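K.L.:
Take this sequence and fold it.
(one chain, ligands or ions: 1)
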Amino acid sequence: MKICVLLGSPRKNGNTNALVKPFVERLDEKGHNCVLINLYDLELNSCIACRKCQKDWIGFGCHYNDDVHKIFDQIMICDVFVLATPIYSWYCTPPMKIVLDRLVYDMNKYYGDEIGPALWEGKTVALITTCGYKPQSGADLWEEGVRRYCKHSKLIYYSMLVERHLGYKSIFMDEEKDSHARIFADTLIAQIQKSNE
Ligand SMILES: Cc1cc2nc3c(=O)[nH]c(=O)nc-3n(C[C@H](O)[C@H](O)[C@H](O)COP(=O)(O)O)c2cc1C
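P.N.:
Numbering: from 1, shown residues only. As a prediction, this is how the structure comes out:
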């Protein structure tokens, strides 16, 4: 299985990356191929709605030749991609939002003169999230947004692993969260294997 993880936290040693680590370790242990992309290291330009991408029904086609092209290519060859982000103002961080906006156009050729294909149709999406409030009021809008994004884009939404950060004076990572991340990796893979049977 090929998994692409988009890391959307500005804190390299922060909570979200700490939660992603055991998830990726588990996938590696099981022999899966995991690619990690740190969005804060990349050049990412916001969509300007020029719709150049809509004239190309088989590829990227974007006006920008920035690092979204690399993300596009990785997603096209993966089975599942994971959006890993802390919650900022009830949604994802800015570079993750840029990538979502860019890909909803670069991948979905719905917005030209005629309706075309969704190039990433059938791929699975999972979320790894950390937030300060209780998950049901901290991460709910993000999850709902991604659910709709997936439905619109013919993607298969899997589920969200979400853990709460109780404040900068408390230690975020513990054995329980580590175990949740490993179980999330196992159940995600099992679900995809089942749907491929
Ligand atoms: C600018 C900013 C906005 C935040 N907004 C929210 C929010 O709307 N809801 C929430 O539950 N937590 C919010 N938080 C808390 C973070 O989601 C939480 O601390 C997270 O675990 C940080 O992850 P990181 O260490 O990977 O950056 C916010 C934090 C920052 C810095």
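K.L.:
Now do the SS call for the residue located most distally from the centre of the chain.
P.N.:
Farthest-out residue of the chain from its mean C-alpha position, per Cα atoms, centre = their mean: residue 113, at 29.0 Å. Put simply, residue 113 is coil when judged by DSSP: H, G, I helix; E, B strand; the rest coil.
K.L.:
So residue 125 lies in a helix, does it not?
P.N.:
No. Residue 125 is assigned strand when assessed by three-state DSSP, not a helix.
K.L.:
Just confirm it contacts residue 80, I think it does.
P.N.:
Yes. Assessed by Cβ atoms under 8 Å, residue 125 is found in contact with residue 80 at 7.2 Å. Using the backbone N, CA and C atoms, a C-beta is placed for each residue, glycine as well.
K.L.:
Ends of stretch 3-14, what's the gap?
P.N.:
Stretch 3-14 has an end-to-end distance of 22 Å (criterion: Cα to Cα, to the nearest Å).
K.L.:
Stretch 84-102 now?
P.N.:
This stretch, stretch 84-102, spans 17 Å end to end (Cα to Cα).
K.L.:
Does the ligand have contacts with that stretch?
P.N.:
Yes. Shown here: stretch 84-102 in contact with the ligand (Cβ under 6 Å from any ligand atom) through 86-90.
K.L.:
What of stretch 167-177?
P.N.:
No. Judged by Cβ under 6 Å from any ligand atom, stretch 167-177 makes no contact with the ligand; its nearest approach is 6.7 Å.
K.L.:
Residues contacting the biggest helix by length in the chain, please?
P.N.:
Identified as the longest helix of the chain according to DSSP state H is helix 175-196. Residues outside helix 175-196 that contact it (Cβ atoms under 8 Å, 6 or more residues apart in numbering) are 1, 19-27, 30, 32, 79-80, 124, 126, 128, 156, 158-159, 161, 163.
K.L.:
Out of those, which end up buried?
P.N.:
Among the contacts of helix 175-196, the ones that count as buried by 16 or more other Cβ atoms under 10 Å are 1, 19-20, 22-24, 26-27, 32, 79-80, 124, 126, 128, 156, 158, 161, 163.
K.L.:
can you list the residues of the chain near the ligand?
P.N.:
Residues of the chain lying near the ligand (Cβ under 6 Å from any ligand atom): 9, 11, 14-16, 86-90, 130-133, 138, 165.
K.L.:
Among those residues, which ones are in helices?
P.N.:
The members of those that map onto helices under DSSP H are 15-16, 138.
K.L.:
What separation do you get for the most centrally placed residue in the chain and the ligand?
P.N.:
In the chain, the centroid-proximal residue (Cα atoms, centre = their mean) is residue 83; its distance is 1.9 Å. Using Cβ to the nearest ligand atom, to the nearest Å, residue 83 is found at 13 Å from the ligand.
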